[in-house]
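Undergrad: Fold the stuff below for me.
(one chain, ligands or ions: 1)
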Amino acid sequence: MRAWRVLAWGGPLSLQELPPPVPRPGRSLVRMAAATVGHIDRTVMAGKFMAPPALPYTPGVEAAGVVVDSTRFSAGTRVWLRGGGLGTRSDGTWCELIDAPDEALGLLPDEVSMEWGSAFFSPSTSAWVALHELGGLRPGERVGVTGGSGAVGSMTLQLARDAGAEVVGQPDESSPVDLLVDTVGGRVLEEGIRSVAPGGRIVLVGYTAGEHVSIALPELLQRDVRLLPLNMYRREAQGRAAAPQLLERLADGRLQLATRRFALADAPQALQWIAERGHRGRAVLVAD
Ligand SMILES: NC(=O)c1ccc[n+]([C@@H]2O[C@H](COP(=O)([O-])OP(=O)(O)OC[C@H]3O[C@@H](n4cnc5c(N)ncnc54)[C@H](OP(=O)(O)O)[C@@H]3O)[C@@H](O)[C@H]2O)c1
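TA: Model prediction:
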């Protein structure tokens, strides 16, 4: 069984031939069909995740595939995988046969492709929780999104429209929004505060434009804007609860998600691609 291994934090990856995992109680073996390469994988591989796995480990926090052996699911069941420490506390999904805790599996409807099954969880559940759980979106409110061309940003735009919000492409001080979902951080967040109406909310999702910001506290107080950080690892249960209805929207075409396929052997190229500005969609490794 081929699997990618991280041998040292921030070091090069190694594609290795390993013995296939053996069935264990409480765990499922899944034949990988698609495994996503995302920003979270870069964070974990760099050794920057708060509770990292022991080295060496197999990266990959999301995937989709077919059950081979499980006490909870019949062999042949189509599933998506995410959570339960997959690719964060323990070995992940960038391999031909995934050994996952049963609770990481969810049923993947026939109408949803393996690629979408692998790639949907992070962007769609992050967008959902940002809008509805943290952001408290009400119908008719004005919503702004930074990084709208990104995976989370585009899901946020689609779901906000679906919820009856008025979506504002480029929010600014002259046309303030009630809720700003910021997937970019840095200077974009500093400037974003001025585009939110008094009493409004900002949900912070990402920080690719900068890890540090300078906020004038008198301005924050006078504007009375709430800054709400999203941590989907702490809100995994909310994400899982939303997953079936998000899959339904993907199945009937209400939600769209861009993906780009890479061969399993091309994981390093996928990692490089997602780090480039202007890439569109999520990178997905597919089984040969
Ligand atoms: N907090 C959480 O729990 C959570 C959950 C999911 C994702 N995230 C984070 O959210 C962020 C977005 O994820 P994603 O999957 O949507 O990523 P993505 O598909 O790579 O999209 C990134 C977006 O940010 C924009 N961007 C990147 N650097 C920028 C800069 N310096 N200035 C302005 N815009 C910039 C990109 O614009 P261009 O297209 O112009 O390059 C693009 O629209 C990532 O940092 C990810 O780690 C956090």
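Undergrad: Next, see if stretch 136-151 gets close to the ligand.
TA: Yes - using C-beta under 6 Å from any ligand atom, we find that stretch 136-151 touches the ligand at G147, S149, G150, A151. In short, each C-beta sits where N, CA and C put it, glycine included.
Undergrad: distance between stretch 32-48 and the chain's centre?
TA: 10 Å (C-alpha atoms, centre = their mean, to the nearest Å).
Undergrad: Now the terminal residues of it, how far apart.
TA: 26 Å (C-alpha to C-alpha, to the nearest Å).
Undergrad: so how many other residues sit close to the residue in the chain that the ligand sits nearest to?
TA: Going by C-beta to the nearest ligand atom, the ligand is nearest to G150 of the chain, at 2.1 Å. G150 has 23 neighbouring residues, counting by other C-beta atoms under 10 Å.
Undergrad: A275 too?
TA: A275: 11 neighbours (other C-beta under 10 Å).
Undergrad: near the ligand, which residues of the stretch 151-288 of the chain?
TA: 151-153, 183-184, 188, 205-206, 208-209, 230-232, 274, 277-278.
Undergrad: List the ones among those that fall in strands.
TA: When those are checked against strands (DSSP state E), there are no matches.
Undergrad: Can you say which of those are buried?
TA: Buried positions within these, assessed by neighbour count (16 or more other C-beta atoms under 10 Å), are A151, V152, G153, T183, V184, V188, V205, G206, A209, L230, M232, I274.
Undergrad: State the mean pLDDT of the host helix or strand of L179.
TA: Using DSSP states H and E, the element containing L179 is strand 177-182. Here strand 177-182 scores 97 as its mean pLDDT.
Undergrad: How about stretch 258-272?
TA: The predicted confidence, averaged over stretch 258-272, sits at 98.
Undergrad: And for that stretch, what's in contact with it?
TA: Applying C-beta atoms under 8 Å, 6 or more residues apart in numbering, the contact partners of stretch 258-272 are 2, 4, 12-13, 15, 32, 35, 37, 41-42, 94, 96, 115-116, 119, 151, 154, 273, 279-288.
Undergrad: The residue of the chain closest to the ligand - nearest residue in space that isn't next to it in sequence?
TA: On the basis of C-beta to C-beta, 6 or more residues apart in numbering, the spatially nearest residue to G150 that is not a chain neighbour turns out to be T183, at 5.7 Å.
Undergrad: mind listing the strands in the stretch 101-250 of the chain by residue range?
TA: 105-107, 142-146, 166-168, 177-182, 196-204, 226-229 (DSSP state E, counting those that start in this stretch).
Undergrad: Strand partners (parallel or antiparallel) of the fourth one?
TA: Within its sheet, and counting by DSSP bridges, strand 177-182 is paired with strand 142-146 (parallel), strand 196-204 (parallel).
Undergrad: buried ones in the longest one?
TA: Think strand 196-204. Buried, per 16+ other C-beta under 10 Å, within strand 196-204: V196, A197, G200, R201, I202, V203, L204.
Undergrad: Tell me what the first one is bridged to.
TA: Residues found in beta-bridge contact with V196 (criterion: DSSP bridges) are V177.
Undergrad: So it sits against V181, correct?
TA: No - contact between V196 and V181 fails when scored by C-beta atoms under 8 Å: they sit 11.0 Å apart.
Undergrad: Which neighbours do those two have in common?
TA: G144, I202.
Undergrad: So what's the residue count around the residue lying closest to E103 once chain neighbours are set aside?
TA: Using C-beta to C-beta, 6+ apart and skipping the chain neighbours, the partner closest in space to E103 is G84 (4.8 Å). Applying other C-beta under 10 Å, we find 18 residues neighbouring G84.
Undergrad: G84 is in contact with G106, isn't it?
TA: No - G84 lies out of contact with G106 (C-beta under 8 Å); the separation is 11.1 Å.
Undergrad: quick one: the residue nearest to G150 from S28, how far?
TA: 32 Å (C-beta to C-beta, to the nearest Å).
Undergrad: ok, now L55?
TA: For L55 relative to S28 (C-beta to C-beta), the value is 24 Å.
Undergrad: One more: P59?
TA: 19 Å.
Undergrad: Show me the two of the buried residues of strand 196-204 that sit farthest apart.
TA: Across the buried residues of strand 196-204, the longest distance by C-beta to C-beta is 17.5 Å; it joins A197 and L204.
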